[in-house]
Every structure is written in structure tokens, then in C-alpha cells.
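Undergrad: Pasting a predicted model and its sequence here:
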Amino acid sequence: MFWKILVVFFVSMVPLIELRGAIPIAVAMGLELPEWAILIIATIGNIIPVPLIYFFARKILAWGSQKNWKPFKKFCNFCLKKGEKAGEKLLKKTKGGVYLALYLFVAIPIPGTGAWTGTLAASILNLNFKKTVLAITLGVLTAGLIMLAVSLGLFGIVTGNYAIIKP
């Protein structure tokens, strides 16, 4: 069981997969833990990279945009320009509700809208660190609850272990 917990924990740290993939994996593996424990393990794993992304992503992109290796320089410049342009557009649209928008963005459990992407956007926009972490943590918890409900329902139907009304 320890190895299964580690799998869930580390899968939730992987970009694009994150908690959105870790929770269904936990349910599919038959992890013998209460649902709240699976949610906590996946959430902690998903949140651990957030400070690193926030503090270093923009610096790495800025550093890479000054290097001589053309593909890397081009990629870094593209990320910075695209991020800044999209960020300015988002700030104008949200009119002060940027943290609510960040929460909603992370809370929607579809690929590309997780903690990694949200934190990268916050870093490029120079948003407040504490408010960013709070919005992203709440978004990850919301996405986790949605994924847990979907995973338990889906795998319950597949395995035949479901009942709308329990006797």
C-alpha cells in the first residue's frame, strides 16, 4: 500500500496529469484508504511544486530568452510574450477578480488548466504570492473533489459496485 500512496503522490506532481490523473489512478488501483485521504495525498503532491514554479519559472524563461541556442531562445521568448499578452488581456477582463478567475481556471478539471499552468500564469503576471497559492490550493481541492466523485462513480459502474440508494 505504501508504494501505491507514493505513486498517487508523485503522479499528482507531474505537469498536465497532476491530481486530475492521480485520483483516478488511486481509485483504479484500489487504494485502500478513505476518500478524504486520497484527496489529501493528491492535493499535497499537486501543491508542492507551486512555490518552485512561482519563483523560478519566469526567471528561467527570461534567462532562456537570452541564450544563443535558437530553439530554446525561441521557445522562452514565445512563452514570455504569449503569457504577458494573455495576462494583460485577462487583467482587463477580470477587473480585480483575477484571483477568482485563477481559482476557477484551476478548479476546472480538464488538461492544461491545473496548478502548473495557473502558477506559471500568476508568475508571469507578477500576482501576489499568498493570494496565488490560496486561489490555486482551493482550485486544486475543488478539482480533486470533482475528480474523486467522477472516479468513484465511473469505476463503481464499471465494476458493478454502485447503488443509487443503498439498502
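TA: Here it is on my side, so go on.
Undergrad: Which residues does the least confident helix or strand in the chain by mean pLDDT contact?
TA: Using mean pLDDT, DSSP states H and E, the weakest-scoring helix or strand in the chain turns out to be helix 70-94, at a mean of 84. For helix 70-94, the surrounding residues in contact (C-beta atoms under 8 Å, 6 or more residues apart in numbering) are 58, 60-67, 98, 100-101, 120-121, 124-125. Heads up, the C-betas are built off the backbone N, CA and C, glycines and all.
Undergrad: Filter the residues you listed down to the buried ones.
TA: 58, 61, 64-65, 98, 101, 120-121, 124-125 (16 or more other C-beta atoms under 10 Å).
Undergrad: Which of the residues you listed fall within helices?
TA: 58, 61, 64, 98, 101, 120-121, 124 (DSSP state H).
Undergrad: Can you pick out the most distant pair from the buried ones among the contacts of helix 70-94?
TA: Spatially, the most separated pair among the buried ones among the contacts of helix 70-94 is 64 and 101, at 27.3 Å (C-beta to C-beta).
Undergrad: residues contacting residue 140?
TA: 18-19, 43, 46-47, 106-107, 114-115.
Undergrad: Taking these, tell me the two that lie furthest apart.
TA: 47 and 107 (13.8 Å).
Undergrad: related to what we said a few turns ago, now secondary structure, distance to residue 140 and neighbour count too, for the contacts of residue 140, in CSV please.
TA: Output for the contacts of residue 140, formatted as CSV (DSSP: H, G, I helix; E, B strand; the rest coil; distance: C-beta to C-beta, whole Å; neighbours: other C-beta atoms under 10 Å):
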residue, secondary structure, distance to residue 140, neighbour count
18, helix, 8, 29
19, helix, 6, 32
43, helix, 6, 21
46, helix, 5, 31
47, helix, 6, 20
106, helix, 6, 29
107, helix, 8, 21
114, coil, 8, 28
115, helix, 5, 27
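Undergrad: that older thread, could you single out the nearest of the contacts of helix 70-94 to residue 137?
TA: For those, the nearest to residue 137 is residue 100 (14.0 Å; C-beta to C-beta).
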